[in-house]
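J.: predicted structure and sequence below. I'll ask about it afterward.
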Protein chains: 2
Amino acid sequence: MLSTGPASARACAYASPGLSQPKSCLPAAAISLRCVPMTNRVVNFNAGPSGLPLAALERAQKEFLDFQGTGMSIMEHSHRGKDYEAVHNEAIALMTELLGVPDTHQVLLLQGGASHQFAMLPMNLRTDEHAGDYVITGAWSQKAFEEAKIVGKPAVAADTSVEGKFSRVPKQAELKLSPNAPYVHITSNNTIFGTQFFDFPTTGNVPLIADMSSDILWRPTDVSKFGMIYAGAQKNIGPSGVTVVIMRKDLIEKSRKDIPKVLRYSTHAKENSLYNTAPTFAIYMVRNVLAVLKEQGGLPAIEKQNRKKGEILYAAIDGSGGYYKCPVEKDSRSVMNVVFRLPSEAQEDKFVSEAKKAGMVGLKGHRSVGGIRVSMYNAVSVDGVQKLVGFMDSFKKANG
Amino acid sequence: MLSTGPASARACAYASPGLSQPKSCLPAAAISLRCVPMTNRVVNFNAGPSGLPLAALERAQKEFLDFQGTGMSIMEHSHRGKDYEAVHNEAIALMTELLGVPDTHQVLLLQGGASHQFAMLPMNLRTDEHAGDYVITGAWSQKAFEEAKIVGKPAVAADTSVEGKFSRVPKQAELKLSPNAPYVHITSNNTIFGTQFFDFPTTGNVPLIADMSSDILWRPTDVSKFGMIYAGAQKNIGPSGVTVVIMRKDLIEKSRKDIPKVLRYSTHAKENSLYNTAPTFAIYMVRNVLAVLKEQGGLPAIEKQNRKKGEILYAAIDGSGGYYKCPVEKDSRSVMNVVFRLPSEAQEDKFVSEAKKAGMVGLKGHRSVGGIRVSMYNAVSVDGVQKLVGFMDSFKKANG
């Protein structure tokens, strides 16, 4: 699908901010300055917005002023024109293909991020008696629950903060599920505490709804098990500014009509997410990212890579003789966000700062918990994690 | 503010989709293929998303893979990091400077477009008795009113559909204003019907609120006269996916707290529009566009250019001996969106199609009204309008 591969484009990207940019057409002698490989990209462990596949960025850069010979940037196209609509539909088709979204579900592309879904979900699906059972496993599910409380009457199905400070996700037997709940809500991966659901709760006839903002597309997922999946794009899917919602069609249909039209899932579903002006460039970037994931072999190949990254990093932590310590229980350890501590905050600060000098950024833990956090979303390569593990070993020898 | 001017970047942009892209480092002989001036950009009369200043796009293209030597695209930066925050704050500062936003008001950068504001505004500012007086001058104000009806009890202050199919905006004397309304809502420019407010209604102690999506920044504006101004970015400000709200601080403070947190203006105001992950790349593009407007001399210079474009085009229509006909009353004629008809729909179709062949796109009228629509937002140059007027003259001679 890509018109040119990453290698060829990379070879001719601007070489480095240190090199002077051409002021006019370059004389032949200057060519070597521009056509050196890009070597200044850092290893990006940001928690989100986070790194994107280089090939997806390069494709966008190349056609930034002139999308497919139309004489306009894709962001200058009408959202009602055929050129943009093809991109829009390709993004939806790729998402459908990669995740194997069944005909019972529809993919929507909305705005506002997961925080907006925290409100929109209970507004659409609450009943007068109940606004959903919430499984509280960290700051994000707590926020989702707080919004639902403003909108209606949600309940807590489990809360792993009470013992162990969110160091694990709950087991099935711990869940207190209400038979009359309109849905059960989970956060599939917890960026701040470094925990992740590997098996999803069984909820009987009550639809399971997952905020997958930080781990959607990390592996093949059986979408049919979910009433709805939602995700802000800015980790595994694309840039911030677009939210993917994958929703069971019967839930879309039965969602409430006594709320503003723009806040109804049914409005956006009916118009193929073009009810109002879509965030066209963000969706274009999502298309580019998904095309790269497909080219890389789809989700089975992506999962293999993600599992490998997790194994390498957790092995380095557990094999450090206690210098690096991960507070998360083993069967809840996230392969997307790995959190660990060093013997002191001073050493943690030094770790972050020296890693940055070595070309690895985004390692500071969330301000609410401190420590180190390594976010290893799909765009982070195995090589990037190997580099980090090498650095961890040297750092420990020098400071341990 | 721009690190490099448009000319230098333009000289080295990819020349044309027709030319083969380099597959690896180019030999010296191939350099002329890449370093020819960009000549294939069309004149973009799209109604929105619409054309953006070339210099703003080129700046983004150049640093797309490596923002200011950080080794990351701006869209890969954390929204909580200092690099992005500087861009975010610069966008707000430029908006404040260009419009002369007084200390009594705050600039917010939100998501969801004007359609989202249609709901958010009455949710925040309605009283139990009243959800605002609405001046209905076209499809967008009608939509705003419909959302307010779902949320509360709005009233119609005027409706110019009843006579003349929205061919003008109402005069002050026609407005039926409720003394107890929480606000009066207008749409300052009507993209579909080609009308515009040049003088704003006087509303006494009731705050005036304007949807300026399609004409914000077209001229200097006294912001102090408004309780709130809002605008989807995708016409005069940047790409779609970000919404500018400029709101009086006392209205922010007194807005309702019984709605979801993410839908409260006060939440976003308190966090400098970083309560949740901002649409960072869209805001970066807004920064780039506003920096260009400032460089061009700010809003007095922009207004001069916009007035000139309007004069040229309306003169061509009125001087065509009735071949081109504008249905809008003269003192309501928009300088942003100019609508006109030809003698038949067949000629209109031919007009749109031949203009496209001549490098001018986006001229088809809105599907609900037909005809021709010329959207001349800030990024459309006087030269572009001259080119259109030349085409109109030739077309009339050949077909009239």
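T.: Good, I have the coordinates. Numbers count the residues shown, from 1 in each chain, chains lettered A, B, ... in the order given.
J.: spit out the contact partners of the residue nearest to residue A:328 when sequence neighbours are not counted.
T.: Residue nearest to residue A:328 in three dimensions, not counting chain neighbours: residue A:194, with 5.0 Å by CB to CB, 6 or more residues apart in numbering or on different chains. The way it works is simple: take the backbone N, C-alpha and C, and place the C-beta from them, glycine included. If a contact means CB atoms under 8 Å, 6 or more residues apart in numbering or on different chains, then residue A:194 has A:326-328, A:333-334, A:337-339, A:373 as its contacts.
J.: now with 6 Å, please.
T.: Contacts of residue A:194 were listed using CB atoms under 6 Å, 6 or more residues apart in numbering or on different chains, and they are A:328, A:334, A:337-339.
J.: need the max-distance pair from those.
T.: Based on CB to CB, the longest span within the contacts of residue A:194 runs between A:328 and A:337 and measures 9.7 Å.
J.: so those two - more neighbours on which side?
T.: When neighbours are counted by other CB atoms under 10 Å in any protein chain shown, residue A:337 comes out ahead of the other of residue A:328 and residue A:337, with 28 against 23.
J.: any idea how far the residue nearest to residue A:328 lies from residue A:67?
T.: Distance of residue A:194 to residue A:67, computed by CB to CB, to the nearest Å: 40 Å.
J.: picking up where we left off before, and of the contacts of residue A:194, the nearest to residue B:98?
T.: When the contacts of residue A:194 are compared for distance to residue B:98 (CB to CB), residue A:337 wins out at 40.1 Å.
J.: run through the bridge partners of the closest one.
T.: On the basis of DSSP bridges, residue A:337 takes part in beta bridges with residue A:375.
J.: does it really touch residue A:191, like I thought?
T.: Yes - applying CB atoms under 6 Å as the test, residue A:337 and residue A:191 come out as touching, 4.8 Å apart.
J.: now the one residue sitting closest to the centre of chain A, what's its secondary structure?
T.: Closest to where the C-alpha atoms of chain A average out (CA atoms, centre = their mean) is residue A:235, at 2.7 Å. Residue A:235 falls in the coil class when you classify it by DSSP: H, G, I helix; E, B strand; the rest coil.
J.: ok, and the closest non-adjacent residue to it?
T.: Spatial nearest neighbour of residue A:235, chain neighbours left out: residue A:48 (4.4 Å); criterion: CB to CB, 6+ apart.
J.: could you tell me how many residues sit around that neighbour?
T.: Under the criterion other CB under 10 Å, the count of neighbours that residue A:48 has is 24.
J.: pLDDT score for it?
T.: For residue A:48, the model assigns a pLDDT of 94.
J.: just the element for it, please.
T.: In this structure, residue A:48 sits in neither a helix nor a strand according to DSSP states H and E.
J.: so it makes contact with residue A:233?
T.: No - counting by CB under 6 Å, residue A:48 does not reach residue A:233; the two are 9.3 Å apart.
J.: so residue A:229 touches residue A:210, yeah?
T.: Yes - applying CB under 6 Å as the test, residue A:229 and residue A:210 come out as touching, 5.3 Å apart.
J.: so which residues on the stretch 201-350 of chain A come close to chain B?
T.: Counting by CB under 6 Å from any CB of the partner chain, the residues of the stretch 201-350 of chain A close to chain B are A:234, A:239-241, A:260, A:262-263, A:276-277, A:279-282.
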